[in-house]
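Novice: sequence? don't have it. structure:
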């Protein structure tokens with residue numbers, strides 16, 4: 001090939017891959033493939049246009065791409081002209097506990113998700129007896145008895161039971177703080193900070209991919225920036241990442257971006273902003289400023305990217321509506337304060353104050369009708385799931401803030417809610433950015449069993465198919481190739497999953513096969529427990545978890561450990 005042509009093709013990045021891949025052939029004398037995928041339109045994840053070819057899978061990996069007609073194989077999958085793409089990577093999945101309840105993670109695989117990254121501030125480990133006792137309601141709700149103390153133990157439990165998808169986890173800065181300081185509004189002494197750094201160091205050696213923060217949820221807001229830089233610095237030594245639910249996604253969003261940038265620069269590690277948004281009606285239309293701030297950081301060499309779930313409602317703990325000071329000491333202390341009339345009056349005053357120094361969600365909505373009660377633990381409150389706070393207040397003949405406080409008391413601060421507080425133009429602009437990937441920001445769900453009794457955000461079932469339906473097929477905001485790049489190679493690049501995210505010889509065979517004309521989300525706010533439709537096949541590490549649109553029950557997922565992992 002002339003050198004000038006090679007140079008021009010090289011400018012397209014990985015566009016060379018299909019050209020050489022098609023030239024590959026397989027000898028009949030070779031070891032049989034486990035699976036050969038034929039008659040597909042291969043969209044390889046790089047953003048390149050589709051090409052034709054056959055994919056041979058052996059021992060969980062892509063062994064060849066090319067003309068494989070004569071190659072022996074155990075199984076042939078006929079794609080019938082559908083898209084064949086890398087499995088989707090969920091940049092924030094939240095399934096660390098529900099995967100122990102239903103390891104098939106139905107809501108994920110029907111979206112085409114084959115890998116999840118989790119651990120938002122709170123992580124599965126490290127864990128001690130005090131934390132287990134404080135979080136008893138959550139464990140009891142799912143019927144889980146934690147029998148691990150660190151990531152090594154947690155990952156071993158996952159691997160023993162089997163997993164429907166691959167999973168990687170951050171170590172949560174909140175979990176580390178609780179291990180040493182509990183839930184109190186205090187600052188660590190130098191000795192305590194050293195203990196926290198040691199816990200992060202151990203988590204990285206146990207396989208965590210980085211450190212994360214969720215700075216809106218107590219006790220996380222009590223952590224000052226230098227504390228977070230210290231923990232991030234430990235992670236940077238191992239090639240890890242700093243991921244954050246920022247201190248503010250509303251009025252102080254630009255300051256929060258600046259804080260994340262500072263942590264990345266001083267900790268010497270990349271930054272991922274989770275579920276990028278402009279929260280609250282007062283901030284609608286600010287996404288151009290947010291994008292400009294991130295682009296400015298990137299222009300001077302800061303490795304910062306973000307992800308989005310592309311819905312206009314977020315989903316979080318109902319207790320986040322309560323000011324941080326009222327959480328000092330944990331949920332039990334919070335409930336005591338909510339029951340005390342004088343303290344409750346102070347909480348109300350802070351919620352009604354538009355000029356406070358915290359991320360006040362009450363000020364970010366137009367009224368109680370913007371809050372949908374989603375998941376409760378108290379059986380007596382189950383009839384409230386799917387109702388708006390305005391409806392509950394009317395049923396209880398209460399002021400909406402009183403109804404909010406009483407729900408938290410009755411549910412021991414467990415409740416989760418969907419909050420309608422974003423604008424569609426802001427969501428769309430964020431999605432279009434070349435450095436924005438996708439996150440589901442919901443735990444693995446199921447229409448069956450204990451998980452089917454919950455009322456999650458529809459994104460739990462619909463995020464990725466919704467982007468393909470709404471933003472690719474209907475509104476043409478993204479091309480199909482770029483959407484798949486955002487689902488695959490972009491998150492794999494960020495997470496340093498060097499052997500996933502692209503269809504290429506030698507990569508793990510995480511593969512989805514679907515018709516882009518019919519794939520769709522079915523989950524709604526009113527009826528969320530509905531699986532997405534349109535995935536014909538989903539393969540995880542070369543093993544079908546969906547075949548001919550039906551779940552197989554196979555559990556071929558792997559724990560994906562970070563670069564600092566030390567084998568023991």
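Specialist: Structure's in. What do you need? Bear in mind that the values here come from a model prediction, so they are computed numbers and not experimental data.

Novice: And for the closest residue to residue 219 other than its chain neighbours, the neighbour number?
Specialist: Leaving aside its sequence neighbours, residue 219 sits nearest to residue 183 (C-beta to C-beta, 6 or more residues apart in numbering; 4.8 Å). (Each C-beta comes from the backbone N, C-alpha and C, glycine too.) Residue neighbour count, defined by other C-beta atoms under 10 Å, stands at 22 for residue 183.

Novice: Repeat that for residue 548.
Specialist: 9.

Novice: Quick check: pLDDT value at it.
Specialist: The predicted structure scores residue 548 at 98 on the pLDDT scale.

Novice: shouldn't it be in contact with residue 538?
Specialist: No: between residue 548 and residue 538 there is no contact under C-beta atoms under 8 Å: 11.1 Å.

Novice: residues in contact with residue 367?
Specialist: Contacts for residue 367 (C-beta atoms under 8 Å, 6 or more residues apart in numbering) come out as 390, 400.

Novice: And it, how far from residue 389?
Specialist: To residue 389, residue 367 is 9 Å away according to C-beta to C-beta, to the nearest Å.

Novice: repeat for residue 35
Specialist: Here the distance between residue 35 and residue 389 works out to 50 Å (C-beta to C-beta).

Novice: and those two? which has more neighbours close in?
Specialist: Higher neighbour count among residue 35 and residue 389: residue 389, with 25 against 21, using other C-beta under 10 Å.

Novice: Doesn't residue 176 lie inside a helix?
Specialist: Yes: counting by DSSP: H, G, I helix; E, B strand; the rest coil, residue 176 is located in a helix.

Novice: contacting residues around it?
Specialist: For residue 176, the contact set (C-beta under 8 Å, 6+ apart) comprises 126, 196, 199, 200, 203, 211, 231.

Novice: Now with 7 Å, please.
Specialist: Residues in contact with residue 176 (C-beta atoms under 7 Å, 6 or more residues apart in numbering) are 126, 196, 199, 200, 231.

Novice: now residue 446
Specialist: 102, 106, 107, 452.

Novice: Please repeat the previous calculation with a cut-off of 10 Å.
Specialist: Going by C-beta atoms under 10 Å, 6 or more residues apart in numbering, residue 446 touches 98, 101-102, 104-107, 452, 454, 460-461, 529, 531.

Novice: Spatially nearest residue to the residue positioned nearest the centre of the chain, not counting backbone neighbours?
Specialist: Closest to where the C-alpha atoms of the chain average out (C-alpha atoms, centre = their mean) is residue 92, at 1.1 Å. Among residues not flanking residue 92 along the chain, residue 439 sits closest, at 3.8 Å (C-beta to C-beta, 6+ apart).

Novice: Next: residue 36.
Specialist: residue 73 (4.4 Å).

Novice: could you give me the average pLDDT of the longest helix belonging to the chain?
Specialist: Assignment by DSSP state H gives helix 190-206 as the longest helix of the chain. Averaged over helix 190-206, pLDDT sits at 98.

Novice: other SSEs contacting it?
Specialist: Packing partners of helix 190-206 (3 or more C-beta pairs under 10 Å, 6 or more residues apart in numbering; DSSP states H and E): helix 151-161, strand 171-172, helix 173-181, strand 210-214, helix 225-236.

Novice: how about it: buried residues?
Specialist: 193, 196, 197, 199, 200, 201, 202, 203, 204, 205, 206 (16 or more other C-beta atoms under 10 Å).

Novice: what do you get for stretch 238-252?
Specialist: The neighbour-count check on stretch 238-252 (16+ other C-beta under 10 Å) flags 238, 240-252 as buried.

Novice: now it, how far from the chain's geometric center?
Specialist: 13 Å (C-alpha atoms, centre = their mean, to the nearest Å).

Novice: Start and end of that stretch, how far apart?
Specialist: One end of stretch 238-252 sits 31 Å from the other (C-alpha to C-alpha, to the nearest Å).

Novice: Could you pull up the mean pLDDT of that stretch?
Specialist: For stretch 238-252, mean pLDDT is 97.

Novice: residue ranges with poor pLDDT in this structure?
Specialist: Low-confidence segments of the chain, defined by pLDDT under 70: 1-29.

Novice: what bridges to the residue nearest to residue 36?
Specialist: Beta-bridge pairing of residue 73 under DSSP bridges involves residue 33.

Novice: Just give me the closest of the contacts of residue 176 to residue 416.
Specialist: Using C-beta to C-beta, residue 126 comes nearest to residue 416 of the contacts of residue 176, at 23.9 Å.

Novice: residues in contact with residue 146?
Specialist: Contacts for residue 146 were tallied using C-beta under 10 Å, 6+ apart; they are 97, 100, 124-125, 127, 129, 131-132, 135, 139, 153-154, 157.

Novice: Hmm, I typed the wrong one, I wanted residue 290.
Specialist: Counting by C-beta under 10 Å, 6+ apart, residue 290 has contacts 249, 253-254, 256-257, 273, 276-278, 283, 306, 426, 429-430, 433.

Novice: And residue 451, by the same measure?
Specialist: Counting by C-beta under 10 Å, 6+ apart, residue 451 has contacts 98, 101-102, 105-107, 142, 375, 443-445, 460, 529.

Novice: Take these and write them to TSV, including distance to residue 385.
Specialist: Converted to TSV, the contacts of residue 451 look like this (distance: C-beta to C-beta, whole Å):
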residue	distance to residue 385
98	17
101	18
102	19
105	21
106	19
107	17
142	16
375	7
443	16
444	18
445	13
460	14
529	11
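
Novice: Which ones among the residues you listed map onto strands?
Specialist: Secondary structure from DSSP state E places residue 375 of the contacts of residue 451 in strands.

Novice: Now list the buried members of the contacts of residue 451.
Specialist: 98, 101-102, 105-107, 142, 375, 443-445, 460, 529.

Novice: Closest to residue 413 out of these?
Specialist: Using C-beta to C-beta, the buried ones among the contacts of residue 451 come closest to residue 413 at residue 375, 12.6 Å.
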